[in-house]
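Asks: Using only what follows, build the 3D model:
(2 chains)
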Amino acid sequence: MPNHDVILCRCEDVTVRDIHDAIDEGYYTLEEIKRVTRVGMGPCQGRTCLMLILRELSVLTDQPIESLLPDTYRPPTKSVSFDLFGGHPKQGGGAHGF
Amino acid sequence: MIHTDILIIGGGPSGLCAAIAAAKSGAEVMLVERSQYFGGQLVKQTHMFFGSEKQYAATRGFDIGKKLVEEVKNSDNIKIFHSTTALGIYEDGVVTLEQKFESEEIYLKVQAKSLIVTTGALEKSLPFPNNDLPGIYGAGAVQTLMNEYLVKPGKRVLMVGAGNIGLIISYQLLQAGVEVAGIIDASPRIGGYLVHASKIRRSGVPIFTGYTIVKAEGTDHLEKATIAKVDQHWKPIPGTEKEMNVDVMCISVGLTPSSAFFWQGGCEMEYVRELGGYVPKRNRYLRTTVGNIYVAGDSAGIEEASSAMVEGSIAGLAASHDLGFVYEGYNREIEELLQELEGLRGGEKGIHIRRGYNKVGF
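Replies: Residues are numbered from 1 along each chain as shown, chains lettered A, B, ... in the order given. Predicted coordinates for the structure are as follows:
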């Protein structure tokens, strides 16, 4: 990938160069790179970029992709309003099953 | 707190089949689906399926979905929740959900004895200059726009990827009256079935094999795409560039299993190229290393709808059986399903997929 301005994470506008820079600074795991670049922390939560970042990391650090770990998956898996958790009166009671 | 025997996350082909199979023994099943419709990717499949009668050959994908939904609705043991997204699995096994109902969002907690995760897959993307311009979509997203929301994505399309998804969606674009400027694929051969590729070629759409996308251009949306031939190291060869004036580009370069819930649930995971990414280890009855979490469909490894349905049935039968529910036809039926799955993965076409599954069995 010769062009370093190519965007890998479009939610957070993280480029190939940003990933290279993070690795040059000594961040070798996706979890670390996420913390310094915000990669995968936007609305899509890495759904689009995870595989691209892993491939880049694999090539640059010369490790097979099989040996790399993704970042930690924590609930909630999608963005939700605080209102949803906030001891809301509707909570729990009103499931609408069919 | 809602209590149920089996919670199934994802109402696509494998989730629906899992629900039907699990309910046969009398287990109480709860099936949740993010979308407003059940059927998953089947909802958008307007083409007829291949295979045997058992696998709904010559039936259109959305009709298969309808049949399965009908069966699910006819079962007294299955409660279905649409517009309901699973948010997480917690340490105590509780699964949280967000249900959209009318204009409200409702927070639900479920304690299930077993969990079947059939969350499907995500589209892979590609790195190239200006890949974030509006007009550049995943091919599946364009199929959703067209076939589910009846919205044309634009006027002239470049399809990147000549696998079955790329070929089928190109044909559906033509049916919707959208011009397809061409299909490219970096590999030297068309990946998808010849029947689909032939239909495309008969419609006059060129398929460029051995070509990759070099860059996209446009001011506020996609206006032009440059493609080029690749050498044996998949690098673009200077001087072979072609420019195409297109306002839409569909990226169809494969899928990766949706794995978030397996990580959260503590399942042992493995990155398997042949299966498209991270998948949970599982036994032949699709039970993961966490005893009460099962996997089926594309979230177990990228394949297609027929095997997803068979896997769903296996996971559903096994999950209820393991909870102690008795279903007389269990032994015979599960063996038949396992054989059917082997058949679907047989022959030369299945070598790749079999190699993948051998890496995750335990």
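Asks: who in the stretch 201-350 of chain B is up against chain A?
Replies: Residues of the stretch 201-350 of chain B lying close to chain A (Cβ under 8 Å from any Cβ of the partner chain) are B:256, B:259, B:260, B:261, B:263, B:264, B:270, B:271, B:272, B:273, B:277, B:278. (Each C-beta comes from the backbone N, C-alpha and C, glycine too.)
Asks: From those, list the buried ones, please.
Replies: Taking 16 or more other Cβ atoms under 10 Å in any protein chain shown as the criterion, what is buried in these is B:256, B:259, B:260, B:261, B:263, B:264, B:271, B:272, B:277, B:278.
Asks: Isn't the fifth one up against residue A:73?
Replies: Right, residue B:263. Yes. Applying Cβ atoms under 8 Å, one finds residue B:263 in contact with residue A:73, separated by 4.3 Å.
Asks: picking up where we left off before, show me the two of the buried ones among the residues of the stretch 201-350 of chain B next to chain A that sit farthest apart.
Replies: Distances among these were taken as Cβ to Cβ; the most separated pair is B:264 and B:272, at 19.5 Å.
Asks: Just list whatever residues bridge to the residue of the stretch 51-200 of chain B at minimum distance from chain A.
Replies: For the stretch 51-200 of chain B and chain A, the shortest gap (Cβ to the nearest Cβ) falls at residue B:88, measuring 2.1 Å. Beta-bridge partners of residue B:88, counted by DSSP bridges, are residue B:96.
Asks: Can you check the pLDDT for it?
Replies: We have a pLDDT of 97 for residue B:88.
Asks: And the residue of chain A that's closest to chain B?
Replies: residue A:75 (2.1 Å).
Asks: Sketch out the low-pLDDT regions of chain A for me.
Replies: Applying pLDDT under 70 to chain A picks out residues A:1-2, A:87-95, A:98.
Asks: try 80 this time
Replies: A:1-2, A:86-98 (pLDDT under 80).
Asks: what do you get for the stretch 51-200 of chain B?
Replies: Checking the stretch 51-200 of chain B against pLDDT under 80 turns up B:51-55.
Asks: for chain A, what are the nearby residues on it?
Replies: Going by Cβ under 8 Å from any Cβ, the residues of the stretch 51-200 of chain B near chain A are B:73, B:79-82, B:85-90, B:96, B:98-99, B:101, B:104-109, B:122-129, B:131-132.
Asks: ok, which stretches of the stretch 51-200 of chain B are helices?
Replies: B:61-73, B:139-143, B:164-175, B:194-202 (DSSP state H, counting those that start in this stretch).
Asks: Quick one, which of those gets closest to residue B:245.
Replies: Using Cβ to Cβ, the helices of the stretch 51-200 of chain B put helix B:164-175 closest to residue B:245, at 16.2 Å.
Asks: for the closest one, packing partners?
Replies: Helix B:164-175 sits against helix B:139-143, strand B:156-160, strand B:179-185, helix B:194-202, with contacts defined as 3 or more Cβ pairs under 8 Å, 6 or more residues apart in numbering or on different chains; DSSP states H and E.
Asks: Just the residues contacting the helix or strand that comes right after the longest one, thanks.
Replies: Along the chain past helix B:194-202, the next helix or strand (assigned with DSSP states H and E) turns out to be strand B:207-209. For strand B:207-209, the surrounding residues in contact (Cβ atoms under 8 Å, 6 or more residues apart in numbering or on different chains) are B:162, B:182-185, B:187-190, B:197, B:200-201, B:227, B:242.
Asks: hmm, which of those residues are the buried ones?
Replies: Among the contacts of strand B:207-209, those buried by neighbour count (16+ other Cβ under 10 Å) are B:162, B:182, B:183, B:184, B:185, B:190, B:197, B:200, B:227.
Asks: if you skip the residues just before and after it, what's nearest to the second one?
Replies: Computed as Cβ to Cβ, 6 or more residues apart in numbering or on different chains, the closest residue to residue B:182 that is not its neighbour in sequence is residue B:206, at 4.6 Å.
Asks: Would you agree the one you found is in contact with residue B:184?
Replies: No. Contact status for residue B:206 versus residue B:184: not in contact, 9.1 Å apart, counting by Cβ under 8 Å.
Asks: How about the contacts made by residue B:144?
Replies: So residue B:144 contacts residue B:44 (Cβ under 8 Å, 6+ apart).
Asks: Keep only those of the buried ones among the residues of the stretch 201-350 of chain B next to chain A that are in helices.
Replies: B:260, B:261, B:263, B:264 (DSSP state H).
Asks: Reformat the residues you listed as JSON lines; add pLDDT and distance to residue B:155.
Replies: Shown next, in JSON lines, are these (pLDDT from 0 to 100; distance: Cβ to Cβ, whole Å):
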{"residue": "B:260", "pLDDT": "96", "distance to residue B:155": "36"}
{"residue": "B:261", "pLDDT": "97", "distance to residue B:155": "39"}
{"residue": "B:263", "pLDDT": "97", "distance to residue B:155": "41"}
{"residue": "B:264", "pLDDT": "97", "distance to residue B:155": "42"}
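Asks: Provide a list of residues in contact with the residue nearest to the spatial centre of chain A.
Replies: The residue lying closest to the centre of chain A (Cα atoms, centre = their mean) is residue A:40, at 2.2 Å. Residue A:40 is in contact with A:9, A:11, A:12, A:30, A:34, A:46, A:49, A:50, A:53, A:71, counting by Cβ under 8 Å, 6+ apart.
Asks: Next: residue B:67.
Replies: B:56, B:59.
Asks: neighbours around residue B:106, how many?
Replies: 21 (other Cβ atoms under 10 Å in any protein chain shown).
Asks: Tell me what it is bridged to.
Replies: residue B:99.
Asks: I figured it was touching residue B:87, is that so?
Replies: No. Applying Cβ under 8 Å as the test, residue B:106 and residue B:87 come out as separate, 11.9 Å apart.
Asks: intersection of neighbour lists for those two?
Replies: Counting by Cβ under 8 Å, 6+ apart, the common neighbours of residue B:106 and residue B:87 are residue B:98.
Asks: Secondary structure class of the residue lying farthest from the centre of chain B, three-state.
Replies: Residue farthest from the centre of chain B, counting by Cα atoms, centre = their mean, is residue B:239 at 37.6 Å. Classification of residue B:239 using DSSP: H, G, I helix; E, B strand; the rest coil returns coil.
Asks: Pull up the gap between it and chain A, please.
Replies: From residue B:239 over to chain A the distance is 16 Å, taken as Cβ to the nearest Cβ, to the nearest Å.
Asks: Pull up the per-residue confidence for that residue.
Replies: At residue B:239, the predicted lDDT confidence score is 97.
Asks: repeat for the one 10 residues further on
Replies: Among the per-residue scores, residue B:249 holds a pLDDT of 98.
Asks: That one contacts residue B:156, doesn't it?
Replies: No. Using Cβ under 8 Å, residue B:249 makes no contact with residue B:156, being 10.1 Å away.
Asks: For these two, work out which one has more neighbours and name it.
Replies: Using other Cβ under 10 Å as the criterion, residue B:249 and residue B:156 rank with residue B:249 on top: 26 against 16.
Asks: who does that one bridge with?
Replies: residue B:136, residue B:158.
Asks: burial count for residue B:362?
Replies: Going by other Cβ under 10 Å, the residues that sit close to residue B:362 add up to 10.
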